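J.: got a structure for you, letters missing:
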């Protein structure tokens, strides 16, 4: 049996309200050669029952059940260990892709031989209503640029494993995706952006990503403890991060 072209990495935790819509947005892709690896992080609601049903209806959906709650990094890394595709894409259990996401982004990557790409994305509220707000994507960003502007949305990223090699996220509760992007860019790769929004990010009240203070603290942790930046340079990057984060919220 041949390997799929794309492995989609999806952690889930108490996602019963959204997971079916997320999976459907993958099933609606114009590109059909994919596997979706959903790793459930000990959900206490009906998420696991839903996942078993969905996997039973579509063999491309692979479900892995963790025995104890480990956080998003553990779930994503578990999925990455199971991934067989050349291209690695990321989609959280409450977000969605537009139907031509994979087709357009993979074409963009293949035509230019890009190893790391991301796109703009739209915002929706918890009920799934579009907010007519878009987070843009610059044409490209390198390691130093990303340190100052955390503009890359996890749900938009595709990595070419043939070029970047096997990837894993550091085991931290939040911002593990940011740390992974930095590790790839630190090796000399550049992330190339598409201005067209091909994904939709759900704003969920009370989610980890909605807590801006905790996100800021975790960014500082990444600067100092993972990237080992000096105090002056980390401070400079943090000031820039705060500026761009505020600018992004105002524009959105």
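T.: Everything's here; your move. Note that this is a predicted model, so its numbers are computed, not measured.

J.: What segments of this structure are strands?
T.: 6-12, 34-40, 61-65, 87-90, 96-97, 116-124, 130-135, 140-141, 158-160, 191-202 (DSSP state E).

J.: my read: residue 115 touches residue 189, true?
T.: Yes: using CB atoms under 8 Å, residue 115 is in contact with residue 189, at 5.2 Å. Every residue, glycine included, has its C-beta placed from N, CA and C.

J.: which residues are common contacts for those two?
T.: Shared contacts of residue 115 and residue 189, defined by CB atoms under 8 Å, 6 or more residues apart in numbering, are found at 163-164.

J.: got a list of what the residue positioned nearest the centre of the chain touches?
T.: Closest residue to the average C-alpha location of the chain: residue 154 at 2.3 Å, with CA atoms, centre = their mean. For residue 154, the contact set (CB under 8 Å, 6+ apart) comprises 90, 92, 177.

J.: do residue 161 as well
T.: Contacts of residue 161 (CB under 8 Å, 6+ apart): 83, 85-88, 167.

J.: 7 Å - rerun?
T.: Listed by CB atoms under 7 Å, 6 or more residues apart in numbering, the contact partners of residue 161 are 86-88.

J.: so which of these comes closest to residue 73?
T.: residue 88 (15.1 Å; CB to CB).

J.: Run a quick neighbour tally on the closest one.
T.: 20 (other CB atoms under 10 Å).

J.: partners of it in the sheet?
T.: Counting by DSSP bridges, residue 88 is bridged to residue 7, residue 159.
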